[in-house]
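S.K.: model the structure of this input:
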Amino acid sequence: MNTRILVLHGPNLNLLGTREPEIYGATTLAQLDAMLVAYGEELGAEVRSLQSNHEGALIDALHAARIDRTAGVVLNAGGYTHTSVALRDAVVACGLPVIEVHLSNVAAREPFRHVSLIAAVAAGSISGLGTDSYRLGLQAALRLAHDR
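M.R.: Sure thing, here's the model as predicted:
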């Protein structure tokens, strides 16, 4: 049985490929998800993805991951990274290794993006490497899941 990894994409990530491609790149969300599924298969993982612009849907997905054989999570919380205590608390509550990822280098952007409420409770954070942030996040989530 393959290790199950959940990839969560937060608000506005449904617009990847068209929204500020100079910051976020030209890869669409569908292309990114397909790349992660294929890469997961290479690594022996079953990758499931969910994108939502709604905080509660992301929280519900983390809660469900506690009980559905999910072994780890790759999370790009988008703007909720900097604002959502509720999402931060759901990361803790899920009890799974969560890797925070960002396509852009959030530390080199606007000052409000320099603070992540997720980082302190995530197993690790990767940013600024475009879609490779997700690939590295998937590797890290799998390694941590196997180490558990």
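
S.K.: assign residue 75 to helix, strand or coil.
M.R.: Under DSSP: H, G, I helix; E, B strand; the rest coil, residue 75 falls in the strand class.

S.K.: repeat for residue 90
M.R.: Secondary structure state of residue 90, per three-state DSSP, is helix.

S.K.: how close does it sit to residue 80?
M.R.: 10 Å (Cβ to Cβ, to the nearest Å). To be clear about C-beta, it is placed using only N, CA and C from the backbone, and glycine gets the same treatment.

S.K.: got it, and residue 44?
M.R.: Going from residue 44 to residue 80 by Cβ to Cβ gives 30 Å.

S.K.: any residues in contact with both of residue 90 and residue 80?
M.R.: Contact criterion Cβ atoms under 8 Å, 6 or more residues apart in numbering; residues shared by residue 90 and residue 80: residue 58.

S.K.: picking that back up, so between residue 44 and residue 80, which is more surrounded?
M.R.: The neighbour count for residue 44 versus residue 80, taken as other Cβ atoms under 10 Å, is higher for residue 80 (23 against 11).
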